[in-house]
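Enquirer: Here is my input, please return the structure:
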Amino acid sequence: MFQPYTSAFALGTSQLVAYPGDRAIIDFADFDALTARFGWSYPLIFKISNNYVCVYPEDGVPSGVLAVPNKLMEELEIGSDADFLVYLAYPHTVQRIIEWGLACPNHPERET
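Expert: Residues are numbered from 1 along each chain as shown. Prediction:
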């Protein structure tokens, strides 16, 4: 569960699980609950260690799990299937992170 932390982020834990996909995903219901509580943002952006990660909703992901591409999990240098402290960016922070090019390289609002 996430709790307000700063003016830019909420703080919580997620079970990080490596998978062979190309983007980070969470359960649709979890995505909807987070956007209902903290404001609409598509995608969500989580900060894991010092990395900003774009997170999208998808069917088939267990509740409470953040499925992270294998490559990113290797870059993070953390074990899979681990509960990990993550930060959830509020919508105004998401917009800045994308505009500044810190995450979501193919997002239409990203500055070039």
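Enquirer: just checking, what's the longest helix in the chain?
Expert: The longest helix of the chain (DSSP state H) is helix 28-38.
Enquirer: Which strands and helices lie in contact with that one?
Expert: When contacts are defined as 3 or more Cβ pairs under 8 Å, 6 or more residues apart in numbering; DSSP states H and E, helix 28-38 packs onto strand 44-48, strand 51-57. (Each C-beta comes from the backbone N, C-alpha and C, glycine too.)
Enquirer: Between strand 51-57 and the first one, find me the angle.
Expert: Computed by axes from the mean of the first three to the mean of the last three Cα atoms, to 10 degrees, the angle separating strand 44-48 from strand 51-57 equals 140 degrees.
Enquirer: Kindly export strand 44-48 (C-alpha atoms) in CSV.
Expert: Presented in CSV, the C-alpha positions along strand 44-48 are these (Å, rounded to 0.1, in the frame of the first residue of the first chain):
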residue,chain,number,x,y,z
LEU,A,44,2.4,5.7,-13.8
ILE,A,45,6.0,6.3,-13.0
PHE,A,46,7.7,4.5,-10.1
LYS,A,47,11.1,5.4,-8.8
ILE,A,48,13.0,2.2,-8.0
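Enquirer: Perfect, I'm done here.
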